[in-house]
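> fold the following and give me the result.
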Amino acid sequence: KDLFASIPGMTKTGTGNIEVFGTGEPVYYINNHKVLDNSEVESLDPKDIKTIELITTPGAQYDAEGKAIVKITTKKNDNGYNVFLKSNVSQSDVSGNDENVNVSYTSNKLNVSALYDYWDDAYKLHQPQIKNLYLDKDVYSKITDQKGSDRTVRNGWNLSMDYQVSKKQVLSVNWNGYIDKVKENRFTNLDYKENSVLLQHSDISNDYHNPIRMQHMNVFYSIDWNKKFSSQFIADYVRNSNKYHQDVTESTSDSIMKTTSRDYSAFNIYAVRQNTDYKINANQKLLFGAEYNRVTGVGNLESDVSTIPTSDYKEHENKLALFAEYHFDNKKWSFIPGLRYEFYHSSYKDRINDSNNIDRIYNNLFPSLIIGYHNKLWSHSLSLSSRITRPTFRQLSNNSYYNDEYSYQIGNPSLKPAINYAAQWQSSYRFVNLSMAYEYDKNVTINNMYESTNEPQVIISTYDNFNHISYFRFNLNVQKKIDFW
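As a prediction, the model looks like this:
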């Protein structure tokens with residue numbers, strides 16, 4: 001992570017995550033393979049990395065959902081066996097650890113590797129909170145004092161094979177995944193007061209368990225047809241499932257209420273992609289291709305509390321994309337215009353109430369343009385792009401999280417995708433880097449709260465679309481290595 005944080009435009013947050021200025025966490029590619037689990041990146045030995053390229057405004061060839069791309073190219077290992085062991089131990093209120101072992105074998109044409117990763121992360125929390133509601137001269141207070149502990153245990157793996165079929169052909173196969181066991185335990189003291197007079201005191205215990213399983217299969221094939229034409233063919237399959245169980249006990253001076261919620265959801269992703277490069281001459285090339293993605297999912301939720309509605313749903317998504325980019329680079333000027341077309345169809349079927357069914361079709365064009373100028377000391381670039389951010393599975397899912405008898409959290413299957421338009425200027429002189437950007441986001445996904453229709457005393461926390469938001473970003477980065485001797 002320290003290696004990525006040293007790259008201009010990237011930073012390490014207080015929680016240890018790597019983010020790109022203005023766009024959040026990037027999408028990683030290792031040797032042209034899209035990374036779905038960041039443990040693949042974390043398991044890399046810095047000595048094995050050949051190049052790292054940060055693309056803050058990805059062109060038309062990349063999925064319109066990615067805001068920033070980090071392309072990693074690794075070195076070819078020497079023939080023979082390699083064993084890489086890694087262990088991290090952290091200590092806060094409780095200890096955590098992360099160990100992995102990576103074994104690889106390389107011959108002239110074949111490279112085979114196997115990675116196993118064990119991750120045990122735990123922490124304790126203490127969250128006091130006071131919320132006041134002022135009505136005329138009266139003050140109504142909700143006072144919570146929550147303590148708890150969380151623990152996630154992960155068993156992950158990555159098996160890969162790269163085979164050079166010929167001087168012009170390469171075949172790669174990769175299978176990776178993980179099994180997570182997530183446990184949360186909370187204990188909350190809850191007081192309701194009117195003008196500092198106690199109305200009700202509750203003790204709430206919350207036990208949450210959620211096993212999560214993910215596996216990903218990837219096949220990659222590259223061929224150079226001749227000196228001018230080359231193509232890549234990529235196929236992916238991903239399955240993600242979770243089955244959570246939540247038990248909540250709420251005790252007051254005159255009653256005890258127990259609540260149990262159970263949820264199951266599973267999603268499958270099928271994706272194929274084809275890229276073709278055509279080299280016009282030494283300064284120009286044309287890149288074009290197509291991709292198709294299909295997502296299928298099912299889920300159901302059961303709860304013995306009337307405030308949380310039972311649900312049973314089935315959904316699918318289909319996306320077809322066509323893209324083309326023109327590249328010109330004479331070492332001083334660069335010019336990259338691109339256009340991406342996406343057809344997107346999503347269908348949500350409520351198997352309990354047909355009136356909640358949702359069917360949507362989107363046709364979007366995403367133009368992009370990058371203009372750059374370079375000399376020995378100065379470097380400038382202007383980029384214009386448009387992107388789409390579709391709701392995550394978690395946001396769309398009906399998964400609920402029960403807080404207490406007056407509040408719970410739930411997803412929103414009716415969320416719309418958010419569209420982003422961005423203009424960015426970057427300039428660098430030696431070790432000084434300047435970046436300015438203006439962005440306009442339409443249908444932004446935000447957290448929202450509202451009263452339950454059936455029981456107005458219950459507050460529901462969910463996700464909604466906000467009409468639009470715009471902002472200007474400015475970043476000045478100075479990195480100079482100073483040696484002492």
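> thought Lys332 was touching His374?
Yes. Contact criterion C-beta atoms under 8 Å: Lys332 and His374 qualify, at 6.1 Å. Backbone N, C-alpha and C define where each C-beta goes, glycine included.
> between the two, which is the more surrounded one?
Comparing Lys332 with His374 by other C-beta atoms under 10 Å, the one with more neighbours is His374, at 16 against 9.
> please name the bridge partners of that one.
Judged by DSSP bridges, the bridge partners of His374 are Ser379.
> state the distance from it to Asp329.
His374 is 9 Å from Asp329, where distance means C-beta to C-beta, to the nearest Å.
> likewise Leu369?
If you go by C-beta to C-beta, the gap between Leu369 and Asp329 works out to 15 Å.
> how about Asn132?
Remark: distance between Asn132 and Asp329 (C-beta to C-beta) = 60 Å.
> which one of these two is surrounded by more residues?
Using other C-beta under 10 Å as the criterion, Asn132 and Asp329 rank with Asp329 on top: 15 against 10.
> and Asp4, that's in a helix?
Small correction: residue 4 is Phe, not Asp. Yes. The assignment for Phe4 is a helix, going by DSSP: H, G, I helix; E, B strand; the rest coil.
> so it touches Ile72, yeah?
No. The pair Phe4 / Ile72 is not scored as a contact, 9.4 Å apart, by C-beta under 8 Å.
> identify the contacts common to these two.
Common contacts of Phe4 and Ile72 (C-beta atoms under 8 Å, 6 or more residues apart in numbering): Ile52.
> Ala68 versus Leu444, what's the distance?
Actually, residue 444 is Val. It isn't Leu. 18 Å.
> actually Pro367, not the one I wrote
As for Pro367, its distance to Ala68 is 18 Å (criterion: C-beta to C-beta).
> try Val139
Using C-beta to C-beta, Val139 is found at 46 Å from Ala68.
> more neighbours: which of these two?
Neighbours were counted for Val139 and for Ala68 using other C-beta under 10 Å; Ala68 has more, 22 against 13.
> would you agree that one is in contact with Tyr62?
No. Using C-beta under 8 Å, Ala68 is not in contact with Tyr62, being 9.9 Å away.
> now name the helix or strand holding Ile150.
Just to correct that, residue 150 is Asp rather than Ile. Using DSSP states H and E, Asp150 sits within strand 138-166.
> strands paired with that strand, and their directions?
Taking DSSP bridges as the criterion, strand 138-166 forms sheet pairs with strand 110-135 (antiparallel), strand 169-194 (antiparallel).
> contacts only, for Met257.
When contacts are counted by C-beta under 8 Å, 6+ apart, Met257 touches 249-250, 405.
> now do the end-to-end distance for stretch 324-339.
End-to-end span of stretch 324-339 (C-alpha to C-alpha, to the nearest Å): 6 Å.
> got the contact list for it?
Stretch 324-339 has contacts (C-beta under 8 Å, 6+ apart) with 59-61, 283-288, 323, 365-375, 381.
> which among those residues end up buried?
Applying 16 or more other C-beta atoms under 10 Å to the contacts of stretch 324-339, the neighbour count classes 59-61, 285, 287-288, 323, 366, 368-370, 372, 374, 381 as buried.
> next, format those as TSV and append distance to Tyr116, pLDDT and secondary structure.
As requested, the buried ones among the contacts of stretch 324-339 are exported to TSV (distance: C-beta to C-beta, whole Å; pLDDT from 0 to 100; DSSP: H, G, I helix; E, B strand; the rest coil):
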residue	distance to Tyr116	pLDDT	secondary structure
Gly59	36	69	coil
Ala60	38	67	coil
Gln61	33	70	coil
Lys285	40	93	strand
Leu287	37	94	strand
Phe288	39	95	strand
Phe323	37	94	strand
Phe366	39	91	strand
Ser368	40	90	strand
Leu369	44	93	strand
Ile370	40	91	strand
Gly372	43	91	strand
His374	44	87	strand
Ser381	41	89	strand
